[in-house]
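Undergrad: structure for this input, please:
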Amino acid sequence: MNVAEFDFDLPEHLIAQTPLSDRTSSRLLTLNRATGEVEHHTFTKLSELLQPGDTLILNDTRVMPARLMGIKSDTGAKVELLLLKQLSGDRWETLAKPGKRLRAGAQLSFGDDGTGEPLLRATIIAEGEQGAREIEFHYEGIFNELLDKLGEMPLPPYIKERLNDRERYQTVYAKHEGSAAAPTAGLHFTKPFLEQLQAKGVHIGYITLHVGLGTFRPMSVDTVEEHKMHAEYYELSEETAAMLQAAKDRGGRIVAVGTTSARTLETVAARFAYERLQACSGWTDIFIFPGYEFKLVNALLTNFHLPKSTLVMLVSALAGRSAIMKAYREAIEREYRFFSFGDAMFIY
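TA: Next up, the predicted model:
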């Protein structure tokens, strides 16, 4: 399968640069998997589309202020680090810019303690591909407090506007810090709207998947099957495992909020293919593209994704490539807002 089959022309002005003031006021395109019918609503229509007994699964990861701006200690040249994954202790997997100049052994400095000394130092331990670097930090005090002081929200590169309110790039239910990007389908929810769904009889459960390198790295192959996903850490609690098992037992509909939730659910489904679901954690590099048969996910709430991305392939696996491409063309014609701060799509 050729990656080019998932390409489309997207006018730049449709890339949402700022979040809406009211989270629930975004638009909602619905796609019926059985008929291919597309309809257009606002996000609050979801309260009618979800039925009593449905199980809604959200990713409660919290985004770290993972972008650090500093200098190369010997030359004073500007450097940028994006923290992706804590490996052990003070060692982290990162993306570094400019990668070509940052070799193993290089020393980096961040912030100023008021005496001219940096608040945070780092040594590049190892080099990877496409800007990946293993870093060891050196500091006094508590790392998370320093990160909160020095770090910036790691907004995707297609967002050029500065985000004034950090919390607007967090879901209202964000709990477990560790992501390098937000699970953006969840940005549309407010606490009152979630309470409204629960009052209707919708079961709401939470999983955790910390979004990592896969979100930032474009596909570098021509054939879909050749692509390898970067592993990301996930957790499933006993409470949510029991909720999902109950939904399976009664034949209830499981609705994933976002591709991160969908990938986690399908990872869990494969792990417990022949037994009852249980609490678990681990690393997943599952790559879902057309031809994949979903085992837990029956419906998906998601944003609109980049051309030729693994996320467009995932939604195409659920609804069919031709149906997705048709829906995307219609969304572009009607000027839906795309990507992280954009509008939503409900595939059911």
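Undergrad: now do the buried residues in stretch 166-183.
TA: 168-174, 177-183 (16 or more other C-beta atoms under 10 Å). C-betas here are computed from N, CA, C, even on glycine.
Undergrad: same deal with stretch 251-266?
TA: Buried positions in stretch 251-266, judged by neighbour count with 16+ other C-beta under 10 Å: 252-266.
Undergrad: so which of those sit within helices?
TA: 259, 260, 261, 262, 263, 264, 265, 266 (DSSP state H).
Undergrad: residue 234: which of those is nearest?
TA: Using C-beta to C-beta, residue 264 is the member of those that lies nearest residue 234, at 4.7 Å.
Undergrad: my read is that that closest one contacts residue 237, right?
TA: No - counting by C-beta atoms under 8 Å, residue 264 does not reach residue 237; the two are 11.7 Å apart.
Undergrad: now for the two: what residues contact both?
TA: residue 207 (C-beta atoms under 8 Å, 6 or more residues apart in numbering).
Undergrad: just give me the neighbour total for residue 61.
TA: The burial count assigned to residue 61 is 31, neighbours taken as other C-beta atoms under 10 Å.
Undergrad: tell me the bridge partners for it.
TA: Counting by DSSP bridges, residue 61 is bridged to residue 176.
Undergrad: and it, how far from residue 179?
TA: The spacing between residue 61 and residue 179, counted by C-beta to C-beta, to the nearest Å, is 4 Å.
Undergrad: what secondary structure does the residue at the greatest distance from the centre of the chain sit in?
TA: The outermost residue of the chain relative to its centre, with distances by C-alpha atoms, centre = their mean, is residue 115 at 38.9 Å. Secondary structure assignment for residue 115 (DSSP: H, G, I helix; E, B strand; the rest coil): coil.
Undergrad: same question for the one 3 residues further on.
TA: The local conformation at residue 118, judged by three-state DSSP, is coil.
Undergrad: gap between the residue lying closest to it once chain neighbours are set aside and residue 246?
TA: In space, and not counting its chain neighbours, residue 118 is closest to residue 109: 3.8 Å by C-beta to C-beta, 6 or more residues apart in numbering. According to C-beta to C-beta, residue 109 stands 53 Å off from residue 246.
Undergrad: those two: which is more packed in?
TA: Neighbours per residue (other C-beta under 10 Å) separate residue 109 from residue 246, with residue 109 holding more: 18 against 13.
Undergrad: I'd guessed that one sits against residue 123; true?
TA: No - between residue 109 and residue 123 there is no contact under C-beta under 8 Å: 10.8 Å.
Undergrad: residues near residue 11, how many?
TA: 9.
Undergrad: again but with residue 48, I slipped
TA: Residue 48 sits with 9 neighbouring residues when counted by other C-beta under 10 Å.
Undergrad: just the pLDDT at it, thanks.
TA: Looking at residue 48, its pLDDT is 98.
Undergrad: quick check: closest non-adjacent residue to residue 148.
TA: The shortest distance from residue 148 to any residue other than its chain neighbours is 6.0 Å, reached at residue 65 (C-beta to C-beta, 6+ apart).
Undergrad: that older thread, give the residues shared as contacts by residue 61 and residue 179.
TA: 210, 211.
Undergrad: where does residue 160 sit: helix, strand or coil?
TA: Residue 160 - assigned by three-state DSSP - is coil.
Undergrad: got the contact list for it?
TA: Each residue near residue 160 by C-beta under 8 Å, 6+ apart is listed here: residue 17.
Undergrad: can you list phi and psi of it for me?
TA: As for residue 160, its main-chain torsions (degrees, to the nearest 10) stand at phi -100, psi -20.
Undergrad: just give me the closest of the ones in helices among the buried residues of stretch 251-266 to residue 13.
TA: Distances from residue 13 to these, taken by C-beta to C-beta, are shortest for residue 259, at 24.4 Å.
Undergrad: so the closest one touches residue 185, yeah?
TA: Yes - shown here, residue 259 and residue 185 form a contact pair, counting by C-beta under 8 Å, at 7.5 Å.
Undergrad: excluding its backbone neighbours, what's nearest residue 245?
TA: Nearest to residue 245 is residue 277, by C-beta to C-beta, 6+ apart, at 4.6 Å.
Undergrad: mind listing what that neighbour touches?
TA: 236, 241, 242, 244, 245, 248, 268.
Undergrad: just the helices in the stretch 151-300 of the chain please.
TA: Taking DSSP state H, counting those that start in this stretch as the criterion, the stretch 151-300 of the chain carries its helices at 191-200, 238-250, 259-271.
Undergrad: and the gap between residue 347 and residue 34?
TA: For residue 347, the distance to residue 34 - C-beta to C-beta - is 11 Å.
Undergrad: same thing with residue 208?
TA: Residue 208 is 32 Å from residue 34, where distance means C-beta to C-beta.
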